[in-house]
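Peer 1: Got a sequence here, can you build the structure:
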Amino acid sequence: MTALVTGAAGFTGSHLVRHLAARGDRVRALVRDSARAPVFDPAHVRIVLGDLTEAASLRRALDGVDVVYNIAARYREAGRPASEYRAVNATAVGTIVELAKAAGATRVVHCSTVGVHGDVEHPPANEDAPLRPGDVYQETKLEGERIGRETAARTGMELVVARPTGIYGPGDRRLFKVFGHIAKRRFVMLGRGRNYYHITYIDDLCEGFRLCGSVPAAAGRTYILGGGEVTTLAELVRITAEVARVPPPRLRLPIAPVWLAGALCETIFTPLGMEPPLYRRRVDFFRKSRAFDISRAKAELGYAPRVGIREGIKRALDWYREQGWI
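Peer 2: Got it, this is the predicted structure:
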């Protein structure tokens, strides 16, 4: 089939483009700037310029497409107004669904986040767990789900919502702050790490997206896509240190004063449009549990994560070494 992938210049989107192309799909990679587009196989991938907030460019990109994978998102960045998050993470979802239907596409797979569930009080959480978004990114991602479903119901478009857990693998920069810093012996542990943290290797996630786009019974459903193993943060840190062949981090600080310091930094720096050196949400990484039940995706999609945590971390660390980061 012919697939359109939005956010194709990003970590997840670029991996998905290659994953779909390797399985025989004709893929259009939507990017805003051709100069920043990754290198794809031109025999199977065509780069198209467009912006989620510009309907005309979306119409051109959608012409002749069978399925759309909406991976693009406005992620957290200091000083960015809420309206910009809403334009990409929420309003644009409805636009994509409506224009995809008009163009003759059969399905839209929308990438949301497990962040819409917030702190999981009774892990593991499934798709029906309470929704408690904690910041503007998570709030607008949840709003995007709602707008997407409403538009799909009105137009008759098939919509599948995917909520990935923390994504990692070669090419990822976000979890370098954990894996890379442990390998470089610069990681500082806050608290005891008894909270759960659920990660997903990028190849497994891409296969989950493909199943969302191709399994007939998935239409209208929501799926959590996560790795096959769930660990506490302390266990994840220990495993990473073992894989990196370094001693586990010894420096441990109490959470409460660091969280208060993060609140103070946000109060001072955010109104000035400057990146705070410390965020409360970064401290939340050490205290909020994020463990999820992927039974629905297994049962209804045939989703079966193949890359274990140790192997996935090894691949990520190998890539960091190739880049000269560790």
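Peer 1: What residues sit buried inside the worst-scoring helix or strand of the chain on mean pLDDT?
Peer 2: Lowest by mean pLDDT, DSSP states H and E among the helices and strands of the chain is helix 280-284, with a mean of 78. Neighbour-count burial for helix 280-284 flags 280, 281, 283, 284 (criterion: 16 or more other C-beta atoms under 10 Å). Using the backbone N, CA and C atoms, a C-beta is placed for each residue, glycine as well.
Peer 1: Contacts for the next helix or strand after it next, please.
Peer 2: Counting by DSSP states H and E, the next helix or strand C-terminal to helix 280-284 is helix 295-301. Applying C-beta atoms under 8 Å, 6 or more residues apart in numbering, the contact partners of helix 295-301 are 126-127, 208, 211-212, 215, 217-218, 221, 223-225, 303-304.
Peer 1: CA atoms only: put helix 295-301 into PDB for me.
Peer 2: The C-alpha trace of helix 295-301 is given here as PDB (Å, rounded to 0.1, in the frame of the first residue of the first chain):
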ATOM      1  CA  SER A 295      -2.400  -7.300  26.500                       C
ATOM      2  CA  ARG A 296      -4.900  -5.600  24.100                       C
ATOM      3  CA  ALA A 297      -2.200  -5.000  21.400                       C
ATOM      4  CA  LYS A 298      -1.000  -8.600  21.800                       C
ATOM      5  CA  ALA A 299      -4.500 -10.100  21.500                       C
ATOM      6  CA  GLU A 300      -6.000  -7.900  18.800                       C
ATOM      7  CA  LEU A 301      -3.000  -6.900  16.700                       C
END
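Peer 1: List of residues touching stretch 113-121?
Peer 2: 125, 129-134, 137-138, 141-142, 145, 163-165, 196, 198, 224, 226, 284, 288-292.
Peer 1: Confirm residue 4 sits in a strand?
Peer 2: Yes: counting by DSSP: H, G, I helix; E, B strand; the rest coil, residue 4 is found in a strand.
Peer 1: I'd say it and residue 69 touch.
Peer 2: Yes: judged on C-beta atoms under 8 Å, residue 4 makes contact with residue 69 at a distance of 7.0 Å.
Peer 1: With that, I have no additional questions.
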